[in-house]
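[1] Fold the following.
(2 chains)
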Amino acid sequence: MRLVVSEKNIAARRIAEILAVGKPKAEKVYTTPVYTFRRDGEDWVSIGLKGHIMEVDFPETFEDTELKKWNLGSLSTLVRAPVLKLPKERGIIQSLKSLAKKAEEVIIATDYDREGELIGSDARDIVVSVNPDVPVFRVRFSAITKGEIERAFAEQDVISEELAQAGETRQDIDLIWGAVVTRYLTLAHQTKTRRPFGDVLSAGRVQTPTLKLIIDREKEREAFDPEDYWVVKGAFEKDGDRIPASHATERFKSEEAAHAVIAALEGASEGTVTGVKRTKRTVKPPVPFNTTSLMAAAASEGFAPAKTMRLAESLYMSGYVSYPRVDNTVYPPSLDLVAILKTLDAVPAYHEHVQVILRKGALTPTRGPKETTDHPPIHPTGALDPESVDAQVYKLYNLIARRFMATLSDAAVIEGTRADFDVTGQPFYARGDVVVKAGFRAVYHYGLKKDEVLPPLAEGERVAFLGAEMEAKQTQPSARYSQGKLIQEMEKLGLGTKATRHDIIQGLYDRRYVHDDPIEPTCKGRTVIEALTTYADRITSPDMTSELEAEMDAIANARASRETVVGHSRELLAGVMDKLVPIAEEVGELLKSATDEDAKVGVCPKSGHDLLIKFSPKTRSSFVGCSGYPECDVTYPLPKNAKYAALAELCPVCGTPQVKVLQFKKKPRVMCLSPICPTKKGPEILIRAAGCPTGDGGDLRVAYSAVGNRYVRCTNYENCKTSYPLPQSGDIETTDDTCECGAPIVIVHTKKGPWRICIDPACPLKSAATKGAKKGKGKPAAKAGTKKKTSTKRTGGKKA
DNA sequence: GCAAGGTC
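    Okay, the predicted model is just below:
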């Protein structure tokens, strides 16, 4: 039996389909899918790996002894620690071994690149470990097409040990630098926080220079010196259509100059059209999607790159789009574009567009700048019913399908109009765009501005002038990176790969180095970069990657060895650590104040200290606490399972600090920290003025907890902890009545009628009241508040 | 408890 080993399942299947005489049979070895077939009178098996099946790590003995617990003192040892290769995909390895035992020949058909050579070399080592004498060949092909595959299998080669070594060098250096610097930052921070397992502060060859890009942009923005300018905007009207216009002087450098224009226009009610210019322009259809351009386009539709890839992966796995990890932007000739169009025809929303394209006859798809032959550009492969899937999944599919149709469509022709006006000697102009020929824009509406239509205007015509206003503006610094832009910048600098960039960015968010989109660094992120640029400049620069690339080329060409390159890298790192370790205290201090700064959400209204987002291990939840604790005991509740961001603005209604709450699958919202703020869910209800039993004059009001449950709380809540539970359903009516226990009585109107309750659950008269007085007077309320779950039931059942 | 690179 001949065994073909490729990098992934889809490649294994396609290779089997090409090589097979007849149709290959899909089977499983343990849980791994394989494809068996006949060729040249022999049995063949094709198996796909899952990328790397081995991973590097430090030896366990090392971890067990001195390095198991991270500590600063052992970092210099870790710099020179051996690096082992350990199994990562045990299931695949087991299946591979099982097949290898029976193989008479093994053909390594992993991707034709450095990582592919390494993956293939690892697979070869596993094969040989169970079948030492089996011949192992390597085939190299740059497209999984009949011609390429047949050619490659006819020219069997061997694994390039040098290229595989180059890959291993990358693995070693990434692990050693990543682990050592990460442990250093984490431990330095911990010396000051005294939390044994606090946050990990990571660093790496790709993530750290990427973070630095964000920080550099932020610093550039901070150093930016904005200039004031003024603009004058006016409006005309014709036949009821409003025509917004700008003064021909786009920017007035002084306020006086703009004022002068406004003054000159005083009283004017008419203007003259001094000219109308029309220009036609054609807009070419977009080029086919590769991974990077898909992520960029989806980012403008609100998808984070990591999310785009997750959704694209699931669409690919269910057969609706092609392989999503590609560089290629040119459809290969072998791709049957017409067949794909016919498939899309089944989607009602696409039918008309498909017909328009098919009627054109010969198809001339657009071509992007990158032409590789590993996979075709990302395109639809099936018709997806919008009703059958999650809206987000369909949104991405729709983008991919429409993009595909757009690449086969005609250019759009846009007619631009510029109309010039004169009002008492002041020149204005207005612009409009009209689509003359929709072309691809009929099917692909993404990333386009809305047309501004101008009514027909003729030179010399007089139109109504509606007036003008001036507006003060400032020049703006370069914008922060969006996730899509950052991906593109990383690609330009050679940071990461198409398959990892989105994960790298997501990692920066997960580590709380950055937040929001457009991306803004946190103090933590800034401080990590600050600390590293001083003494570990190498890991903060994209140069580390480009130099590593050059060294790996040298290894691949046998001009250098893995040992010397890794050894040299270790020495560089040792030098860095010699400088960093002695200043761990200072670095830790910087990191501590940075993480404290990030936790700030405002100023305590009681003591004036900072309010910090804290975590309570006891309740396993976050809350806002005063940094003046224990002297100041101000706390606020926070919703669970959420992330929080500080906001500078105080609550416009009650003046309490606010936070931004980000919850999974929910829109970010601004939340006032005050539990009795009227901005909270539900109406503001005063239960009793100056009625707090502590006698400090606080009002009792209905409040809403972080998760939206209502209860009664004292308005002096910063000092007074008085609170009473309330049933969660029914309208609350206040009364002037006071229970014999001294607490106010309220009436709760439920669907089944009103009932009076004493709001104190500890009311000593509760049981008596329930027994003696009308049914459902007090007790249900008490239960309702203290035990949420039973409350609704009990109130429902017990109502009078 | 570390990285970056594959792929699911």
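[2] how about the residues of the stretch 351-500 of chain A near DNA strand B?
    A:496, A:497, A:498, A:499, A:500 (C-beta under 7 Å from any atom of the strand). C-betas here are computed from N, CA, C, even on glycine.
[3] could you redo the last one with a cut-off of 10 Å?
    Contact residues, the stretch 351-500 of chain A versus DNA strand B (C-beta under 10 Å from any atom of the strand): A:374, A:375, A:490, A:494, A:495, A:496, A:497, A:498, A:499, A:500.
[4] Need the max-distance pair from those residues.
    Farthest-apart pair in those is A:375 and A:495; separation 22.1 Å (C-beta to C-beta).
[5] Selecting buried members of the residues of the stretch 351-500 of chain A next to DNA strand B in ChimeraX, what would you type?
    Selecting only the buried entries of these in ChimeraX, with 16 or more other C-beta atoms under 10 Å as the criterion:
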select /A:374,375,490,495,496,497,498
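[6] The residues of the stretch 351-500 of chain A next to DNA strand B in helices, which ones?
    Counting by DSSP state H, these place residue A:490 in helices.
[7] Name the weakest-confidence residue in the residues of the stretch 351-500 of chain A next to DNA strand B, if you would.
    The lowest pLDDT within those belongs to residue A:374, with 74.
[8] I figured that one was touching residue A:332, is that so?
    No: assessed by C-beta atoms under 8 Å, residue A:374 is found out of contact with residue A:332, at 10.1 Å.
[9] Distance-wise, check residue A:759 relative to residue A:745.
    7 Å (C-beta to C-beta, to the nearest Å).
[10] typed the wrong thing, it's residue A:518
    53 Å.
[11] Looking at the two, which one has more neighbours?
    residue A:745 (23 against 13; other C-beta atoms under 10 Å).
[12] related to what we said a few turns ago, for the residues of the stretch 351-500 of chain A next to DNA strand B, give me CSV that also has distance to residue A:576.
    CSV is the format used below for these (distance: C-beta to C-beta, whole Å):
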residue, distance to residue A:576
A:374, 37
A:375, 39
A:490, 23
A:494, 22
A:495, 20
A:496, 22
A:497, 25
A:498, 30
A:499, 29
A:500, 24
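[13] List the residues that are in contact with both of residue A:374 and residue A:332.
    Counting by C-beta atoms under 8 Å, 6 or more residues apart in numbering, the shared contacts of residue A:374 and residue A:332 are residue A:143.
[14] Just name whatever secondary elements the longest helix along chain A is in contact with.
    Using DSSP H, we find that the single longest helix of chain A is helix A:161-193. Helices and strands touching helix A:161-193, by 3 or more C-beta pairs under 8 Å, 6 or more residues apart in numbering; DSSP states H and E, are strand A:54-57, helix A:75-79, helix A:114-130, helix A:523-535, helix A:543-556, helix A:562-580, helix A:584-599.
[15] Quick one: closest of the ones you listed to residue A:634.
    Comparing the helices and strands packed on helix A:161-193 against residue A:634 with C-beta to C-beta, the closest turns out to be helix A:584-599 (15.0 Å).
[16] Let me know the next secondary structure element after that closest one.
    strand A:600-603 (DSSP states H and E).
[17] That following strand pairs with which strands?
    strand A:610-616 (antiparallel) (DSSP bridges).
[18] Now do whichever helix or strand comes after the partner strand against strand A:610-616, angle only.
    Following strand A:610-616 in sequence order, the next helix or strand is strand A:621-626 (DSSP H and E). Counting by axes from the mean of the first three to the mean of the last three C-alpha atoms, to 10 degrees, strand A:621-626 lies at 150 degrees to strand A:610-616.
[19] which helices and strands does strand A:621-626 pack with?
    Counting by 3+ C-beta pairs under 8 Å, 6+ apart, strand A:621-626 packs on strand A:610-616, strand A:635-637.
[20] any idea of the mean pLDDT in that strand?
    Mean predicted confidence for strand A:621-626 is 78.
[21] Any chance you could list what contacts that strand?
    Contacts of strand A:621-626 (C-beta under 8 Å, 6+ apart): A:601, A:604, A:606-607, A:609-616, A:632-638, A:640, A:642, A:644, A:657, A:659, A:673.
[22] give me that answer again for 7 Å
    For strand A:621-626, the surrounding residues in contact (C-beta atoms under 7 Å, 6 or more residues apart in numbering) are A:601, A:604, A:607, A:609, A:611-616, A:632, A:634-638, A:640, A:644, A:673.
[23] With only the CA atoms kept, save that strand in CSV.
    Output of strand A:621-626 as CSV, limited to C-alpha atoms (Å, rounded to 0.1, in the frame of the first residue of the first chain):
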residue,chain,number,x,y,z
SER,A,621,-17.4,38.5,40.3
SER,A,622,-16.2,42.0,39.5
PHE,A,623,-17.3,45.1,41.3
VAL,A,624,-16.2,48.7,41.6
GLY,A,625,-14.5,49.5,44.9
CYS,A,626,-12.8,52.6,46.3
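[24] Run me through the strand neighbours of that strand, direction for each.
    When DSSP bridges is applied, strand A:621-626 pairs with strand A:610-616 (antiparallel), strand A:635-637 (antiparallel).
[25] how about those strands, which one is nearest residue A:458?
    strand A:610-616 (63.3 Å).
[26] What angle do helix A:584-599 and that closest one make with each other?
    Strand A:610-616 and helix A:584-599 are oriented at 100 degrees to each other (the same axes, to 10 degrees).
[27] how about strand A:610-616: buried residues?
    A:610, A:611, A:612, A:613, A:614.
[28] what's the answer for stretch A:1-16, then?
    Buried-residue list, stretch A:1-16, by 16+ other C-beta under 10 Å: A:2-16.
[29] Assumed residue A:486 was part of a helix.
    Yes: counting by DSSP: H, G, I helix; E, B strand; the rest coil, residue A:486 falls inside a helix.
[30] In this structure it contacts residue A:505, no?
    Yes: Residue A:486 is in contact with residue A:505 according to C-beta atoms under 7 Å; the separation is 6.1 Å.
[31] Mutual contacts of those two, please.
    With C-beta under 7 Å, 6+ apart as the test, residue A:486 and residue A:505 reach no residue in common.
[32] Of all residues in chain A, which one is nearest the centre?
    residue A:304 (3.6 Å; C-alpha atoms, centre = their mean).
[33] With respect to DNA strand B, which of the helices and strands packed on strand A:621-626 lies nearest?
    DNA strand B sits nearest to strand A:610-616 of all the helices and strands packed on strand A:621-626, at 15.5 Å, using C-beta to the nearest atom of the strand.
[34] and that closest one, C-alpha only, in CSV?
    The C-alpha coordinates for strand A:610-616 follow below in CSV (Å, rounded to 0.1, in the frame of the first residue of the first chain):
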residue,chain,number,x,y,z
ASP,A,610,-9.9,56.4,42.7
LEU,A,611,-12.6,53.9,42.0
LEU,A,612,-11.1,50.7,40.7
ILE,A,613,-12.6,47.7,39.0
LYS,A,614,-11.8,44.8,41.4
PHE,A,615,-12.4,41.1,41.4
SER,A,616,-13.9,39.4,44.4
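[35] For that strand, which outside residues touch it?
    So strand A:610-616 is contacted by A:596, A:599-604, A:622-627, A:644, A:657 (C-beta under 7 Å, 6+ apart).
[36] if we go to 8 Å?
    Strand A:610-616 is touched from outside by A:596, A:599-604, A:621-627, A:634, A:636, A:638, A:644, A:646, A:657, A:659, A:673, with contacts defined as C-beta under 8 Å, 6+ apart.
[37] can you give me the mean pLDDT across it?
    76.
[38] is any part of it close to DNA strand B?
    No: among the residues of strand A:610-616, none lie within reach of DNA strand B under C-beta under 10 Å from any atom of the strand; the closest is 15.5 Å away.
[39] Mean confidence (pLDDT) on the very next helix or strand once past the longest helix of chain A, please.
    The C-terminal neighbour of helix A:161-193 among helices and strands, as given by DSSP H and E, is helix A:207-223. Here helix A:207-223 scores 98 as its mean pLDDT.
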